[in-house]
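> Got a predicted structure here, sequence first:
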Amino acid sequence: MNNFTVEAIELTRLYGGREAVSNVSFTLSKGEVLGFLGPNGAGKSTTMKMLTGNLAPSNGSVKICGIDMMENPKEAKALIGYLPEMRPLYKELTVDEYLTVAARLHRVSSGNIKKAVEIAKERCGLGHMSKRLIENLSNGYQQRVGIAQAIIHSPMVVILDEPTVGLDPIQIRDIRALIRELGSDYSVIISTHILPEVEMVCDRVQIIDKGKLVFNGAIDVLKKQRVGNKLLIGMHNPPSVDAMLKIAGITEAEALAGGLMRVRFAEDATPAEAIVQAAVKNNWGLHQIAPDQTSLEDVFMQLTYQEQTEF
Ligand code: ADP
């Protein structure tokens, strides 16, 4: 018996003969926040629907805390809280009324409903909104209600599909903080197409592109890919690319506008000092030299581009 709260095993989903999700496998442990990242149409929602038992896989299986979703759907689903991209809210109800309905739907025993509603409200910062009609709440508070219904039955796994879409920056910040907090009690999966969101909220990230996983690792590993072995050098009298390439350890040099040059160097090389010495000796007019970070967007493009070239 392992400790995984979620096991996705070789999940594939066909739509009209086309693979929307192709052979996706991963696991999730208790207390982890996993970011499921990918461009629109990559297969995120389709995967979420299979994980939550709302869509049957064409191939493969899902286990929630060791329980097979196909063999024992009721038991497996009871361990999941799910907020789909389209919030399942009854806007004509008050927060208390709606969460009471949600608790019943999630089969919370009648003696425990009141307490469950109070805990979920407190967790999601909704205590002062109990008697408000949901339709009169701001977008951000409606999203909190959506998250509250997903945790009302204290599930093992909380799955949130694009939880910050359509919110303003302050609401986004608050919802992200809430998701981070949920990570201490539950296993959480969020799907998103927003890179910084993953960086801020998740411990681990999976990047999906055209139905296939192209990256699965700790967020730190993704961040490290940004640093790379690159320097950005600013000079008033920049040398030719060939002259720069003569410096030991430099493997590539690219002249940019405004006297800037980007150089790449070998894994074990530290060419900064030699560059400064050459700049002084040859009057290159050096005015800046700094590590050149790849943006997360570029890392993402590289990962998804590599996948494209395989087709
Ligand atoms: P994402 O959530 O990453 O935006 P989806 O999982 O919604 O992506 O979609 C993955 C692919 O499957 C897309 O090409 C989409 O057009 C297709 N797709 C999704 N749902 C259906 C459906 N019900 N019928 C046919 N194709 C679908």
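Perfect, I can see it now. Residues are numbered from 1 along each chain as shown.
> Give me the nearest residue to residue 58, chain neighbours excluded.
Among residues not flanking residue 58 along the chain, residue 14 sits closest, at 4.4 Å (Cβ to Cβ, 6 or more residues apart in numbering). Glycine gets a C-beta too; all of them are placed from N, C-alpha and C.
> ok, the closest residue to residue 129 other than its chain neighbours - contacts?
Leaving aside its sequence neighbours, residue 129 sits nearest to residue 95 (Cβ to Cβ, 6+ apart; 5.0 Å). By Cβ atoms under 8 Å, 6 or more residues apart in numbering, the contact list for residue 95 reads 121, 126, 129, 130, 131, 132, 134, 137, 145, 148.
> Can you tell me which of the residues you listed is closest to the ligand?
Taking Cβ to the nearest ligand atom as the measure, the ligand lies nearest residue 145 of the contacts of residue 95, at 22.5 Å.
> Okay, and that closest one sits in which element?
In this structure, residue 145 sits in helix 139-151 according to DSSP states H and E.
> gap between residue 231 and the ligand?
To the ligand, residue 231 is 36 Å away according to Cβ to the nearest ligand atom, to the nearest Å.
> and the two most separated of the contacts of residue 95?
Largest separation among the contacts of residue 95 by Cβ to Cβ: 131 and 148, giving 14.9 Å.
> Pick out whichever of the two has more residues nearby.
residue 148 (27 against 9; other Cβ atoms under 10 Å).
> Show the contacting residues for that one.
95, 99, 102, 120, 121, 123, 124, 126.
> returning to what we had before: mind pulling up the pLDDT for the residue nearest to residue 129?
Per-residue pLDDT puts residue 95 at 98.
> What is the nearest of the contacts of residue 148 to residue 285?
Of the contacts of residue 148, the one sitting nearest to residue 285 (Cβ to Cβ) turns out to be residue 124, at 57.3 Å.
> element containing residue 81?
According to DSSP H and E, residue 81 maps onto strand 80-83.
> Pop out the phi and psi values for residue 106.
For residue 106, the backbone dihedrals (degrees, to the nearest 10) come out as phi -90, psi 10.
> Could you do residue 65 as well?
phi 50, psi 40.
> Ok, the one 10 residues further on next?
Dihedral pair for residue 75: phi -60, psi -40, per degrees, to the nearest 10.
> Local confidence estimate at the spatially closest residue to it that is not a sequence neighbour?
Of all residues not flanking residue 75 in the chain, residue 67 sits nearest, at 5.1 Å (Cβ to Cβ, 6+ apart). pLDDT for residue 67: 97.
> circling back: can you give me how far the helix or strand where the residue nearest to residue 58 lies is from the chain middle?
According to DSSP H and E, residue 14 maps onto strand 4-15. How far strand 4-15 lies from its chain's middle: 17 Å, per Cα atoms, centre = their mean, to the nearest Å.
> how about the CA coordinates for that strand, as PDB?
The C-alpha trace of strand 4-15 is given here as PDB (Å, rounded to 0.1, in the frame of the first residue of the first chain):
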ATOM      1  CA  PHE A   4      -0.600   8.300  -2.900                       C
ATOM      2  CA  THR A   5      -3.800  10.300  -2.700                       C
ATOM      3  CA  VAL A   6      -4.100  10.300  -6.500                       C
ATOM      4  CA  GLU A   7      -2.700   7.900  -9.100                       C
ATOM      5  CA  ALA A   8      -3.300   8.600 -12.700                       C
ATOM      6  CA  ILE A   9      -2.200   5.500 -14.700                       C
ATOM      7  CA  GLU A  10      -1.700   5.800 -18.500                       C
ATOM      8  CA  LEU A  11      -4.800   8.000 -19.000                       C
ATOM      9  CA  THR A  12      -5.900   8.400 -22.500                       C
ATOM     10  CA  ARG A  13      -9.100  10.100 -23.800                       C
ATOM     11  CA  LEU A  14     -10.200  10.000 -27.400                       C
ATOM     12  CA  TYR A  15     -12.600  12.400 -29.000                       C
END
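> helices and strands around the helix or strand following it, which ones?
Sequence order places strand 18-29 as the next helix or strand after strand 4-15, per DSSP H and E. If you count contacts as 3 or more Cβ pairs under 8 Å, 6 or more residues apart in numbering; DSSP states H and E, strand 18-29 packs onto strand 4-15, helix 44-51, strand 59-64, strand 187-192, strand 204-209, strand 212-218.
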